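K.L.:
Need coordinates for the following:
(2 chains)
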Amino acid sequence: MSVLAQGQVGDPVLNSVVFGAFVVITLYLVYRVGSRGSSTSDYYAAGGGLTGVQNGVALSGDFLSAASFLGVAGAIAIHGYDGFMYSIGYLVAWLINLLLVAELVRNTGRFTMGDVLAFRMRQRPVRAAAATSTLVISLFYMLAQMAGAGAVVALLLDVHTKGGQALVISVVGLIMIFYVLVGGMKGTTLVQIIKAVVLLLCVVLMTVFLLGKFGFSLSALLEQAAANNTKGEKILDPGVQYGATPISTLDFISLSIALILGAAGLPHVLMRFYTVPDARQARISVVWTVGMMTVFYGATLVIGYGASALVGSERILAATGRENAAAPLLAFEIGGTVLMGVVAAVAFATILAVVAGLTITASASFAHDVYANILRRGKADPVSEVRVARVTAIVIGILAILGGILANGQNVAFLVALAFAFAASANLSTLLYSLFWKRFNTTGTLWAMYGGLGSCLVLVFFSPVLSGAPTSILSGVDFHLFPLSNPGIISIPISFIAGYLGTVLSRDKADPAKAREMEVRALTGIGR
Amino acid sequence: MTEVVGRRAASTQAPPRPSATFGGIDGPTGDAPAGGPDFDAIHRSPEFTALRSRFRRFVFTLTGLFLAWYLGYVLLAAYAHEFMATKLVGSISVGLALGLGQFASTVLITAVYARWARRRVDPAVDVLHKRAEAGR
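P.N.:
Down below sits the predicted model:
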């Protein structure tokens, strides 16, 4: 194989064995804890019985996607400091969850984001909007993960034909569907906890080893990283990836804003707050998540620069998977085939766990918001609601497999950043308004959600992401009108302004009694 | 709106299992059963208004602070390349130090908020809970 010829060894058989062991163990555990009951609360929210610590670790497992593990490490290895900005954005974003969102959302909803948004609004239109944005965001995020699976497969299992990769993506998708169907939220949580712990142990060990190799001097490691990177000293400073033109600098600012405002609007993150019994546990969840994120993203800095130092940017870019190969190649460099096998398995497990979390969120939103509350007007019995959720999970799983096969080989990182921009534009404004602004009403909610989501979609459609740049999805055509790849800097303000205008200009009045009740519930949890 | 709530209220009459009904999920308000908490009274109480303004003042201030610090940092990284590239010790630049500063401030804010909420919010919430239960 060409991969082997380049000395980028790694034993596909061993990688498969380690990954297989992870799958077998988790499948068994999921089967053991899985609720075969038909309660909606069990299926969507693990009965609300997780502790804050368990949920905090699971949140990390849900949030740390393949893009943040392989992608960020790779971006730092190649582009240096500009890649580090992703780490900072992903981490600081959790403060919004901690201060403004987690506890209040826990107290005012039960299963989905739609519960919070529709609390004091007209149920059906608001739930329809919430379900739309949940499904769109989850789908984008899922595509990114599944497309990433293809790249990881190529790199780690040495499967290079499109057909072979499609087969592996299908297997990954089927395992994920099994987790969700059998385990419900509890089983999915368990997979995320195991994955988060293994991933964190893995990156911490690599970091300690790397620092040890350089005499625990970060400075020495950075020097070596610059020496082995074709861009040299520049990778230690901002601007390598985004500093070329005023437009790319603006793109960088737009991306940074989308990153910190997006995390609090991601439906699969919001849904995890319902798995704990009260607001205090929700707070503890976020505190633990921040702790784990700090360690993880701190470690990616060392791993990224370490990959540049020990592997070198030329070898990384020459490998299958390019940037995404940085962390696995580094693992091979310092721990041989065994460590590379572990990293490979962790990367797979990451995709599996994140996609499972997205699937359960999307299926919950469809079953709870669309089926039970819109179609059946709140009269659905729980047995049929859970059945609808399970069928939806299968449909979404199949969509994810097909999408993953189609998107295989596409630019992955931008899809995740876009999902963040969507979440920040459609969900954050509505959540904050409905939690903190009494006058906010149904029209405002709809304007903010559809305004944010719509402007995001339109801007992306006419951006260089789709056409007109060497990295675009469509080559050969150019209909781009909007210069930025990330729409956040425009679409997030649009969403806030639309929510304000919709509220002020419409004739429908907010329900003051419900607004007061929501304030009391949000802050105290009384009435749960 | 009222008609939706009305219908939902009807559906809560015969809950097969408490955790499985929708009565408590999305129409938990107007149709709260008699004897449920009096949200208006709680909302008017001085304890609640004090808690609310204390909470908002604290979290909005912290949010403003960390957003300003983060945006300032992003703008420096975007436009002040020379400044960010200034070396402090060895290969450690101002940019790297500020970036790690973001990590440190995030941990610090998390710790400060968790401690503050435990001391200043949780006891007040407990008091309101007790009164709501007593007032039923």
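K.L.:
To what extent is whatever residue of the stretch 351-500 of chain A ends up closest to chain B buried, counted in neighbours?
P.N.:
Closest to chain B within the stretch 351-500 of chain A is residue A:382: 3.4 Å, counting by C-beta to the nearest C-beta. (Each C-beta comes from the backbone N, C-alpha and C, glycine too.) If you count neighbours by other C-beta atoms under 10 Å in any protein chain shown, residue A:382 ends up with 22.
K.L.:
Same question for residue B:126.
P.N.:
11.
K.L.:
who touches the helix or strand it falls within?
P.N.:
Residue B:126 is part of helix B:122-134, with elements assigned from DSSP states H and E. The contact list for helix B:122-134 (C-beta atoms under 8 Å, 6 or more residues apart in numbering or on different chains) reads A:279-280, A:523-527, B:37-38, B:42, B:45, B:47-48, B:50-51, B:54.
K.L.:
which ones among those residues are found in helices?
P.N.:
The helices, defined by DSSP state H, take in A:279, A:280, A:523, A:524, B:42, B:47, B:48, B:50, B:51, B:54 from the contacts of helix B:122-134.
K.L.:
Next, the buried residues of the helix holding residue B:126.
P.N.:
Along helix B:122-134, these residues count as buried under the neighbour rule (16 or more other C-beta atoms under 10 Å in any protein chain shown): B:124, B:125, B:128, B:131, B:132.
K.L.:
Mind listing what's buried along the helix or strand where residue A:355 lies?
P.N.:
Assigned by DSSP H and E, residue A:355 belongs to helix A:326-364. Judged by neighbour count using 16+ other C-beta under 10 Å, the buried positions of helix A:326-364 are A:326-335, A:337, A:339-364.
K.L.:
hang on, the earlier thing: tell me the confidence at the residue of the stretch 351-500 of chain A closest to chain B?
P.N.:
In this model, residue A:382 is scored at 83, pLDDT.
K.L.:
is it true that it touches residue A:39?
P.N.:
Yes: using C-beta atoms under 8 Å, residue A:382 is in contact with residue A:39, at 6.1 Å.
K.L.:
now the contacts of helix B:122-134: which count as buried?
P.N.:
Burial by neighbour count, judged by 16+ other C-beta under 10 Å, picks out A:279-280, A:523-527, B:37-38, B:42, B:45, B:48, B:51 from those.
K.L.:
Dump the helix holding residue B:126 to PDB, restricted to CA.
P.N.:
These are the backbone C-alpha positions of helix B:122-134, laid out as PDB (Å, rounded to 0.1, in the frame of the first residue of the first chain):
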ATOM      1  CA  ASP B 122     -29.400  27.600  46.200                       C
ATOM      2  CA  PRO B 123     -30.400  28.700  49.700                       C
ATOM      3  CA  ALA B 124     -32.800  31.300  48.300                       C
ATOM      4  CA  VAL B 125     -34.300  28.700  46.000                       C
ATOM      5  CA  ASP B 126     -34.800  26.300  48.900                       C
ATOM      6  CA  VAL B 127     -36.600  29.000  50.900                       C
ATOM      7  CA  LEU B 128     -38.900  29.600  47.900                       C
ATOM      8  CA  HIS B 129     -39.600  25.900  47.500                       C
ATOM      9  CA  LYS B 130     -40.500  25.500  51.200                       C
ATOM     10  CA  ARG B 131     -42.900  28.400  51.000                       C
ATOM     11  CA  ALA B 132     -44.500  27.200  47.800                       C
ATOM     12  CA  GLU B 133     -45.100  23.800  49.400                       C
ATOM     13  CA  ALA B 134     -46.500  25.400  52.600                       C
END
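K.L.:
picking up where we left off before, what's the farthest-apart pair in the ones in helices among the contacts of helix B:122-134?
P.N.:
A:280 and B:50 (19.7 Å; C-beta to C-beta).
K.L.:
Pull the contacting residues for residue A:290.
P.N.:
A:91, A:94, A:95, A:98, B:106, B:107, B:110.
K.L.:
What is the nearest of those residues to residue A:216?
P.N.:
Among those, residue B:107 lies closest to residue A:216 (C-beta to C-beta), at 21.0 Å.
K.L.:
can you pull the pLDDT of the closest one?
P.N.:
Reported pLDDT for residue B:107: 97.
K.L.:
Which two of the contacts of helix B:122-134 have the greatest separation?
P.N.:
A:280 and B:38 (23.7 Å).
K.L.:
Output the below-cut-off pLDDT ranges for chain B.
P.N.:
Chain B contains residues with pLDDT under 70 at B:1-35, B:135-136.
K.L.:
contacting residues for the residue nearest to the spatial centre of it?
P.N.:
The residue lying closest to the centre of chain B (C-alpha atoms, centre = their mean) is residue B:59, at 7.5 Å. Contacts of residue B:59 were listed using C-beta under 8 Å, 6+ apart, and they are A:99, A:100, B:113.
K.L.:
and the next element down the chain from the helix or strand encompassing it?
P.N.:
Using DSSP H and E, residue B:59 sits in helix B:46-79. As assigned by DSSP H and E, the chain's next helix or strand after helix B:46-79 is helix B:81-85.
K.L.:
Which positions in the stretch 351-500 of chain A make contact with chain B?
P.N.:
For the stretch 351-500 of chain A, the contact set with chain B under C-beta under 8 Å from any C-beta of the partner chain comprises A:372, A:373, A:377, A:378, A:379, A:380, A:381, A:382, A:436.
K.L.:
Now the two most distant members of the residues you listed.
P.N.:
Every pair of these checked by C-beta to C-beta; the farthest is A:381 and A:436, at 35.3 Å.
K.L.:
Which one of the two is surrounded by more residues?
P.N.:
Neighbours were counted for residue A:381 and for residue A:436 using other C-beta under 10 Å; residue A:381 has more, 18 against 15.
K.L.:
List phi and psi for that one.
P.N.:
Main-chain torsions, residue A:381, degrees, to the nearest 10: phi -90, psi 150.
K.L.:
Break chain B into its domains for me.
P.N.:
B:1-33, B:37-134 (automatic domain parsing).
K.L.:
Now residue A:450. Nearest residue, chain neighbours left out?
P.N.:
residue A:129 (6.4 Å; C-beta to C-beta, 6 or more residues apart in numbering or on different chains).
K.L.:
actually residue A:503, sorry about that
P.N.:
Excluding the flanking residues, the one nearest residue A:503 by C-beta to C-beta, 6+ apart is residue A:444, at 3.2 Å.
K.L.:
doesn't residue A:509 make contact with that neighbour?
P.N.:
No: counting by C-beta under 8 Å, residue A:444 does not reach residue A:509; the two are 11.3 Å apart.
K.L.:
which of the two has more neighbours?
P.N.:
residue A:444 (27 against 10).
K.L.:
Now stretch A:370-380: buried residues?
P.N.:
A:370, A:371, A:372, A:373, A:374, A:376, A:377, A:378, A:380.
K.L.:
Helix or strand: which one has the last one?
P.N.:
Put plainly, it is residue A:380. Counting by DSSP H and E, residue A:380 is part of no helix or strand.
K.L.:
Need phi/psi at it.
P.N.:
Torsion angles, degrees, to the nearest 10, at residue A:380: phi -70, psi 140.
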